[in-house]
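Undergrad: predicted coordinates and the sequence they were generated for:
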Amino acid sequence: MKKYIITSIYLMSIMAFSQTYPILRTVPVEQTFNSEMKIFSGDYVKDTQNRLNEYQGTWQYNQNGIEFTLKLIKKPQVISIQPNGDYTYYDEIISTYKLVKNNITLVDNLNSSTYTGATNADSPKYGVFSNIETFDYINGVITDLTNNVIISRCEISKVAGNPDKIFFKLYHMHSWKRNPATFYQGLPSIYSIPNEIEMTKIN
């Protein structure tokens, strides 16, 4: 169920003023780890312990002719508005990335303008992550821009004992291929983004 919540956050999040959509209750994010916990319209699920902060920065994988650079920025109090008008605020991590293969740049949106919500026309270039499941990792949605694949479950975890490393993993079963099926025929993977990799903090 929670993976659908995370996808919904990505698809429907927009930035809004709190006076338009008032915060009625603040809920520490760790309370959502309980599957019985109910989130209501007007709730602000807040990263009260600032656990998202440890993921902020620029991270890089550089092996076998592949250079993958991932920038993670914390955005507090992002609002998700549902079609029925219900709304909830979340603290999130927003990602952009650069992908170079064999010295050819395939994607570079590291320095894209500030994310203002998934209703933007160019919203697929932003990944959206939260820690509403656990403090062990952040989970969210990212788009493989080269192959036009939305991955609705991507996990990023810290490497134990090394604050300057993260582990990045995409889940194939949670992928939405947006090109015709013929586009993916013959590809070694539906992803151009490297998967199950350790990344080092460079900034």
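TA: All right, it came through fine. Residues are numbered from 1 along each chain as shown.

Undergrad: drop to CA atoms for contacts and neighbour counts, all remaining ones
TA: Fine.

Undergrad: what's the weakest-modelled helix or strand in this structure?
TA: strand 13-14 (a mean of 42; mean pLDDT, DSSP states H and E).

Undergrad: residue ranges in this protein under the pLDDT threshold?
TA: Low-confidence regions of the chain, defined here as pLDDT under 70, cover residues 1-19, 113-123.

Undergrad: quick one: buried residues of stretch 65-78?
TA: In terms of neighbour count (16 or more other CA atoms under 10 Å), stretch 65-78 has its buried residues at 66-78.

Undergrad: same check on stretch 136-146?
TA: 137-145.

Undergrad: how far out from the middle of the chain is that stretch?
TA: Distance of stretch 136-146 from its chain centroid, counting by CA atoms, centre = their mean, to the nearest Å, is 4 Å.

Undergrad: what do you get for stretch 41-54?
TA: Centre to centre, stretch against its chain (CA atoms, centre = their mean), the figure for stretch 41-54 is 15 Å.

Undergrad: quick one: terminal-to-terminal distance for stretch 153-169?
TA: 9 Å (CA to CA, to the nearest Å).

Undergrad: list the contacts of that stretch.
TA: By CA atoms under 8 Å, 6 or more residues apart in numbering, the surrounding residues in contact with stretch 153-169 are 3, 54-55, 59, 136-142, 170-171, 174-175, 195-201.

Undergrad: so is Tyr90 in a helix, a strand, or just coil?
TA: strand (DSSP: H, G, I helix; E, B strand; the rest coil).

Undergrad: neighbours of it, how many?
TA: The tally of other residues near Tyr90 (other CA atoms under 10 Å) stands at 24.

Undergrad: that one is in contact with Val78, isn't it?
TA: Yes. With contact defined as CA atoms under 8 Å, Tyr90 counts as touching Val78 (5.3 Å).

Undergrad: quick check: the two most widely separated of the buried residues of stretch 65-78?
TA: Farthest pair in these (CA to CA) is Ile66 and Gln77. Separation: 34.7 Å.

Undergrad: can you give me the helices in the protein?
TA: Under the criterion DSSP state H, helices of the chain are mapped to 2-12, 181-184.

Undergrad: who's in contact with Glu198?
TA: Per CA under 8 Å, 6+ apart, neighbours of Glu198: 61, 165-168.

Undergrad: could you dump the buried residues of stretch 65-78 to a markdown table with distance to Asn34?
TA: As requested, these are exported to a markdown table (distance: CA to CA, whole Å):
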| residue | distance to Asn34 |
| --- | --- |
| Ile66 | 39 |
| Glu67 | 38 |
| Phe68 | 35 |
| Thr69 | 34 |
| Leu70 | 30 |
| Lys71 | 30 |
| Leu72 | 26 |
| Ile73 | 26 |
| Lys74 | 24 |
| Lys75 | 24 |
| Pro76 | 22 |
| Gln77 | 21 |
| Val78 | 22 |
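
Undergrad: tell me the one of those nearest Gly186?
TA: Nearest member of the buried residues of stretch 65-78 to Gly186, counting by CA to CA, is Ile66, at 19.9 Å.

Undergrad: any idea what the closest one is bridged to?
TA: Gln63, Lys101 (DSSP bridges).

Undergrad: from what I see, it and Lys98 are in contact.
TA: No. Contact between Ile66 and Lys98 fails when scored by CA under 8 Å: they sit 10.5 Å apart.
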